[in-house]
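J.: let me see the structure of the following:
(one chain, ligands or ions: 1)
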Amino acid sequence: MIAPPIVSVKNLSKSFGKKQILNQIDLQVYPGEILGLLGPSGAGKTTLVKEIIGLDLPDSGSIHVLNEKMPNLKTMEKIGYMAQADALYQDLTAKENLDFFARLYGLKGTEKKSRIEDTASLVELSEHLSKPVSQYSGGMKRRLSICIALLNNPKLLILDEPTVGIDPILRKAIWQTFNHLKENDTSIIVTTHVMDEAEKCDRLGMIRNGQLIAIDTPKNLMNSCNAQTMEEAFLYYGGLANEN
Ligand SMILES: Nc1ncnc2c1ncn2[C@@H]1O[C@H](COP(=O)(O)OP(=O)(O)OP(=O)(O)O)[C@@H](O)[C@H]1O
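T.: All right, here's what the predicted structure looks like:
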């Protein structure tokens with residue numbers, strides 16, 4: 001029997017002004033699943049994840065996360081979210097940043113200390129926690145942002161282009177972290193433009209012009225358009241292949 005979904009999006013539409021950004025999206029995410037959202041720039045991926053988290057309201061349709069209708073403050077606290085731009089305090093050390101966000105999540109005492117230690121170790125930042133963030137490289141800042149998103153031990157982790165500016169070796173390590181989290185039944189939604197990353201997802205939703213035009217395993221998506229690589233499939237589903 002399939003477990004009930006962690007995220008259930010039904011018939012979701014959203015416009016900004018006269019421009020329709022999301023068009024009748026239906027989507028489910030299951031426990032322990034990594035769902036990738038792939039699509040050309042401006043397709044609506046960030047808008048969709050913001051709707052799921054409850055940072056923005058849909059015009060029509062419904063979103064349920066962990067069986068609660070969104071937006072819902074209590075449920076929002078159970079979601080780890082990393083936006084595209086890092087939201088870090090540059091003048092504080094990494095440890096102080098983590099401490100600040102951990103307090104926002106209501107963590108205290110030994111629990112706070114151990115969550116900070118565990119998450120920092122997952123993203124290999126334990127040795128660098130006393131440095132001010134202003135001295136961090138771009139990749140270190142991304143890892144610190146992932147670390148913050150993991151502090152509250154979320155059941156659902158949403159990452160908007162998490163590995164931008166991160167070298168391939170570290171990207172691999174971060175994906176190992178995602179796979180560990182998945183084994184503990186955390187569901188992950190990840191938006192990406194990186195093809196080797198897309199292939200690592202359990203399922204991929206292809207978004208184009210605000211529509212979810214295909215959703216399946218990377219292998220099935222490639223097979224269904226006779227693509228040899230994920231990039232070919234991306235171009236096909238992005239509608240670019242026909243223009244060349
Ligand atoms: N608050 C807003 N007001 C008006 N238009 C918006 C707003 N937020 C997003 N848009 C528009 O919605 C469209 C989809 O944007 P979105 O950021 O969701 O795309 P995306 O697929 O995440 O793109 P990228 O891969 O470049 O991050 C774009 O045309 C964008 O300009």
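
J.: check contacts around M206.
T.: By C-beta atoms under 8 Å, 6 or more residues apart in numbering, the contact set of M206 is L38, G39, L212, I213, A214, I215, L221, A233, F234, Y237, G238. Just so you know, the C-beta spots here come from the backbone N, C-alpha and C atoms, and that holds for glycine as well.

J.: can I get those in TSV with secondary structure and pLDDT?
T.: Shown next, in TSV, are these (DSSP: H, G, I helix; E, B strand; the rest coil; pLDDT from 0 to 100):
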residue	secondary structure	pLDDT
L38	strand	91
G39	coil	86
L212	strand	93
I213	strand	90
A214	strand	91
I215	strand	94
L221	helix	93
A233	helix	88
F234	helix	83
Y237	helix	81
G238	coil	72
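
J.: and which of those residues is nearest A120?
T.: Checking the contacts of M206 against A120 by C-beta to C-beta gives L38 as the nearest, at 29.7 Å.

J.: among the contacts of M206, which are within reach of the ligand?
T.: G39 (C-beta under 6 Å from any ligand atom).

J.: buried subset of the contacts of M206 as a ChimeraX selection?
T.: Selecting the buried subset of those in ChimeraX, with 16 or more other C-beta atoms under 10 Å as the burial test, is done by:
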select :38,39,212,214,215,221,233,234,237,238
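
J.: out of the contacts of M206, which is nearest to M140?
T.: After measuring those against M140 - C-beta to C-beta - the closest member comes out as L38, at 26.0 Å.

J.: beta-bridge partners for the closest one, please?
T.: T192, M206 (DSSP bridges).

J.: checking the most centrally placed residue in the chain next. Helix, strand or coil?
T.: Residue closest to the average C-alpha location in the chain (C-alpha atoms, centre = their mean): L159, at 2.2 Å. Assigned by DSSP: H, G, I helix; E, B strand; the rest coil, the conformation of L159 is strand.

J.: with H180 instead?
T.: helix.

J.: show me where the protein has helices.
T.: 45-53, 73-76, 94-104, 109-122, 138-150, 168-183, 195-198, 218-224, 230-237 (DSSP state H).

J.: what's the spacing between T110 and M206?
T.: 45 Å (C-beta to C-beta, to the nearest Å).

J.: would you enumerate the residues in contact with the closest residue to L170 other than its chain neighbours?
T.: Excluding the flanking residues, the one nearest L170 by C-beta to C-beta, 6 or more residues apart in numbering is G139, at 6.0 Å. Applying C-beta under 8 Å, 6+ apart to G139 gives the contacts G165, I166, D167, L170.

J.: wouldn't the last one be in contact with G138 here?
T.: Right, the one you point to is L170. No: at 11.1 Å, L170 does not count as touching G138 under the criterion of C-beta atoms under 8 Å.

J.: okay, these two: which has more neighbours?
T.: Using other C-beta atoms under 10 Å, the more surrounded residue of L170 and G138 is L170, with 17 against 11.

J.: just to revisit the earlier point, what's the separation between the residue nearest to L170 and E124?
T.: Distance, G139 to E124, by C-beta to C-beta: 10 Å.

J.: many thanks, I have nothing further to ask.
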